[in-house]
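Participant: sharing a model that was predicted from the sequence below.
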Amino acid sequence: MLPDKEIKKEFRKTAWANPEKYYAINVLKNEGFERHICKKCSTPFWTVNANQDVCGDPSCSGGFKFIGDSPVKQEMDYIQTWKKFSKLFKEYGYEPIKRYPVVARWRSDVDFVQASIYDFQPYVVSGEVQPPAKQLVVPQFSLRFNDIDNVGITGAHYTGFVMIGQHAFMKPDEWDQEKYFTDIYNWLRVGLGLPKNEITFHEDAWAGGGNFGPCMEFFSRGLELGNQVYMMYEQTPTGNKELNLKVLDMGMGHERNTWFTKGTSTSYESTFPTVIKMLYDITGIKIDKGLMKKFLPYSSFLNIDEVENINKVWLDISKKINVDVDELKTKVTEMAALYSIAEHLRTLLVAISDGALPSNVGGGYNLRIIFRRALSLADKQGWEIPIHDICEEHARYLKPIFPELSENLDNVRKILDIEKEKYEATKIKSKKIVESLLKKKQEIKEQRLIELYDSQGISPELIKEEAKKLKQNVEIPDDFYAKVSERHEQKKEVKEKESDLDLDDVKETEKLYFEDYKFLEFKAIVLKIIDKFVILDKTAFYPTSGGQAHDIGELATDKVVNVFKQGSYVVHEMEHEPQFKVGMEVEGHIDEERRHQLSQHHTATHIINTAAKRILGNHINQAGAKKEVDKAHLDITHYQSLSEKEEKAIEDEANKIVDKKIKINSFFLTRNEAEKKYGMEIYQGGAVPGKMIRIIEVPGVDVEACGGTHLKNTKETGKIKILKTTKIQDGIVRITFVAGKVAHKESNKEEEILKEVAGILGVKPEQVPIRSEELFKKWKEAKKAIKKGQELAKELLELTTTKEERATAKELLNKTAQIFKTQTEHVVKTAKRFLKELEEIKEKL
Ligand SMILES: [Zn+2]
Ligand SMILES: [Zn+2]
């Protein structure tokens, strides 16, 4: 099978040879358009202008020609653009839907949404799941980070933009390409009010993921306004074949359409006019409109990825437009900085509001990069940027289309504040590191850069900058970040081991464990036995999945020691080869205590997730979880370690939910219904396959797509106890906890430890912390005295405190652990050691 690039090439030839079959040319012909071939690039294009001999691409037609001179009579601002588009398309039979979050929680292959079609991949596009509507339009905020360095300079590049999507999901007999084309044509004519002679259509082809089809791009005045893709075919080993579900994927830059109607010098001014005005006021910059108008047609030459000698390009441009090169550079750099700051903060507002966090891993890494880029651009220009106000203004301006952004503002601001502190700290740290390395005459090479980045979050750009101040050069490899992310991907690949039993001829297992966690006895037919592994026609045994550990128990009289999934089969691993035979009916019996404890830990995980969200903010999402018998943990997305106060607050909030005895509902819904009703937040445990998904609903608390065994009400969880929290990686905090019986045992354990320490110190439990502090202080003094050979009266080392403290056993123990600078489980050992050493020193004195 051919790679996508090759299919596209091949298919384009086919389509160009037979345009009647692949493009809606009847519509074009009726409107008076004719087919021409571009004399520069040979692309077939459609126009009403008999003499037009080049296509609409800016490189053929000579750049943007709408700046200050839009062919559109009536301007539209950013908000009006979507309102008008969605109103028009509603009349044409499309349902306008709300945007999806930019954090693509429903997909396991990407971090962020990059185009409107991402909303419907993989299950809608594959035909497995019904779309929200068969014909729809959506203003989809999308993130792309491959052009960061061009943002601000070229006037049209973004890291975060809205792709207006026009989509249809149709069986071949319902597919109506002429209608879809007519609808978008009407947008250009009626919506934008463009005269026919200002529109050029290109015949092109598209391919992705083995699917392909023709597409029609539309241009005006050198600007590509959008592209209508018709996904119609797929590649198969036996040749190309028509898709059972044809998909219309029209993507159009929201920003571009607005820009085009306004004809402002850059698209940033038409996309966020109020923020740009604020920034002019704050920085005191005045835009040189004349200069920008002259400069912009050449701005794309400064594409940093493609240029070798950037200074030469600046000089060339300055000559062409007859402006002093230094003046040009200063003014353009200044403007670019201002635009970038506005653009980056908008992206951060949306991404963080949707639940992403800046960090040094995965998609969060790109958010960190753009935030730091914005900060350092401001630094370089000497600007004091009120980040909070800018975010607020973005949210206010976007409120008519994205009201949700205004709701999360407080949280976004808090996260950016902390991220800024981290940036400042890193700057200081990197300076020190670079200085010391260069002092030792150590060259800073690739490996070192990667290590510094990976372990301390110090970006190579910062190191390069610091080195430059010391007149040293540090080379950053072009593919630096690709290399770093490669390292992280390798780490990700540690998967649960997959078994590969030969089960081809066996019917898939019916799962009984969804119904009721107390359903522990069942009868089933043995379908297959391979050594110690048994497959039944149905089972109530829960296999390790979704982070929840497997059940154990018996089948007939044989012991089940492990249960796991292989595809849609549940495999029972027996202690020995079983005595029963294939075809027999066996009785299954599940170990109740273990199942009960695991269910308690699982339900507690959902409760703690919500408790953490309530205490820490809306950015909290599950990043991972594991529920074993003796303890469980939940990994949450959070930007810093938790304080003891926060830990306690989460625990209290969780126990409040427990005490409310809230009924827990579990049921199956179609994916579509579930997403419509509860939103994409349900994918806390990651992407879930299948048409039907199981929902665990704790009304007023939490709704998740989850296959685990759950309790019937929150009270059954028993007391939840957080054992500890640890920052396990940048942006992720692990909460280790226990519930039910184990929590009870754990509480007793603390009391016991405290009693034991009290015994060792010869005081009451309430006196332990203060006595411990005294012990630690006197132990230190004694050590110091011995080391320095000083005199010290023995009486001064006697332990005499008797002061008491009112607190729970846990609090007293924690305090003592802190005094000893150790963990609670080592408090006894540590107290003994200090006492012994103190006695020894007393002997010596
Ligand atoms: Zn051309
Ligand atoms: Zn769950």
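Facilitator: Good, I have the coordinates. Residues are numbered from 1 along each chain as shown. Ligands and ions are numbered 1, 2, ... in the order given.
Participant: state the number of residues packed around the closest residue to ligand 1 within the stretch 701-845 of the chain.
Facilitator: Across the stretch 701-845 of the chain, no residue is closer to ligand 1 than Gly731, which sits at 45.4 Å (CB to the ion). C-beta: built from backbone N, CA, C; applies to glycine. Gly731 has 24 neighbours, counted by other CB atoms under 10 Å.
Participant: ok, it - contacts?
Facilitator: Leu357, Pro358, Ser359, Asn360, Val361, Gly364, Thr637, His638, Tyr639 (CB atoms under 8 Å, 6 or more residues apart in numbering).
Participant: swap the cut-off to 7 Å and go again
Facilitator: Gly731 makes contacts with Leu357, Ser359, Val361, Gly364, Thr637, Tyr639, as judged by CB atoms under 7 Å, 6 or more residues apart in numbering.
Participant: just give the number of residues close to the closest residue in space to it that isn't next to it in sequence.
Facilitator: Among residues not flanking Gly731 along the chain, Ser359 sits closest, at 3.1 Å (CB to CB, 6 or more residues apart in numbering). Taking other CB under 10 Å as the criterion, the count of residues near Ser359 is 21.
Participant: unless I'm mixing things up, Ser359 is touching Arg368, no?
Facilitator: Yes - Ser359 is in contact with Arg368 according to CB atoms under 7 Å; the separation is 6.4 Å.
Participant: for the residue of the stretch 701-845 of the chain closest to ligand 1, grab phi and psi.
Facilitator: Note on Gly731: backbone dihedrals following degrees, to the nearest 10 are phi 80, psi 0.
Participant: list the neighbouring strands of the host helix or strand of Phe141 plus their orientation.
Facilitator: Assigning secondary structure by DSSP states H and E places Phe141 in strand 135-143. With DSSP bridges as the test, strand 135-143 is paired with strand 95-96 (parallel), strand 160-170 (antiparallel).
Participant: I'd like the ones you listed as TSV, with mean pLDDT and mean neighbour count appended.
Facilitator: Putting the strands paired with strand 135-143 into TSV (pLDDT from 0 to 100; neighbours: other CB atoms under 10 Å) gives the following:
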stretch	mean pLDDT	mean neighbour count
strand 95-96	96	16
strand 160-170	97	24
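Participant: and of those, who's closest to ligand 1?
Facilitator: Using CB to the ion, the nearest of the strands paired with strand 135-143 to ligand 1 is strand 160-170, at 24.1 Å.
Participant: which is the next helix or strand following that closest one?
Facilitator: For strand 160-170, the succeeding helix or strand toward the C-terminus, using DSSP H and E, is helix 177-186.
Participant: which other residues reach the helix or strand following that following helix?
Facilitator: Following helix 177-186 in sequence order, the next helix or strand is strand 200-208 (DSSP H and E). The set of residues that contact strand 200-208 without belonging to it, under CB under 7 Å, 6+ apart, is 4, 7-8, 11-12, 15-16, 19, 23, 28, 43-47, 55-56, 212-219, 229.
Participant: which ones among those lie within helices?
Facilitator: Under the assignment DSSP state H, these contribute Asp4, Ile7, Lys8, Phe11, Arg12, Ala15, Trp16, Pro19, Leu28 to helices.
Participant: which non-adjacent residue is nearest the second one?
Facilitator: It stands for Ile7. Of all residues beyond its chain neighbours, the one nearest Ile7 is Ala207 (4.2 Å), with distances taken as CB to CB, 6+ apart.
Participant: residue ranges of the strands in the stretch 1-150 of the chain, please?
Facilitator: Ranges of strands in the stretch 1-150 of the chain, per DSSP state E, counting those that start in this stretch, are 34-37, 44-47, 95-96, 135-143.
Participant: related to what we said a few turns ago, mark which of the contacts of strand 200-208 are buried, thanks.
Facilitator: Applying a neighbour-count criterion of 16 or more other CB atoms under 10 Å, the buried members of the contacts of strand 200-208 are 7-8, 11-12, 15-16, 19, 23, 28, 43-47, 55-56, 212-219, 229.
Participant: could you list which of those also contact ligand 1?
Facilitator: When contact is defined as CB under 5 Å from the ion, these meet ligand 1 at Thr43, Cys55.
Participant: what's the helix or strand hosting His596 packed up against?
Facilitator: Assigned by DSSP H and E, His596 falls within helix 592-616. Packing partners of helix 592-616 (3 or more CB pairs under 7 Å, 6 or more residues apart in numbering; DSSP states H and E): strand 622-627, strand 632-637, helix 644-659, strand 702-705, strand 732-738, helix 740-761.
Participant: what's the angle from the strand holding Phe141 to helix 177-186?
Facilitator: Interaxial angle of strand 135-143 relative to helix 177-186 (axes from the mean of the first three to the mean of the last three CA atoms, to 10 degrees): 60 degrees.
Participant: who touches strand 135-143?
Facilitator: The set of residues external to strand 135-143 that reach it, using CB under 7 Å, 6+ apart, is 82, 85-86, 89, 93-97, 99-100, 102, 112-116, 119, 159-168, 254, 347, 350-351, 401.
Participant: residue contacts, the residue lying closest to Val190 once chain neighbours are set aside?
Facilitator: With sequence-adjacent residues excluded and distances taken as CB to CB, 6+ apart, Val190 is closest to Leu88, at 6.7 Å. The contact partners of Leu88, by CB under 7 Å, 6+ apart, come to Trp187, Val190, Gly191.
Participant: among these, who's most crowded?
Facilitator: Using other CB under 10 Å as the neighbour test, the contacts of Leu88 are led by Trp187, with 24 neighbours.
Participant: hang on, Trp175 packs against Val247?
Facilitator: No - using CB under 7 Å, Trp175 is not in contact with Val247, being 9.5 Å away.
Participant: the more surrounded of these two?
Facilitator: Between Trp175 and Val247, counting by other CB under 10 Å, Val247 is the more crowded of the two (24 against 20).
Participant: pairing partners for the helix or strand hosting that one, with directions?
Facilitator: Under DSSP H and E, the secondary-structure element containing Val247 is strand 239-253. Listed by DSSP bridges, the sheet partners of strand 239-253 and their directions read strand 160-170 (antiparallel), strand 223-236 (antiparallel).
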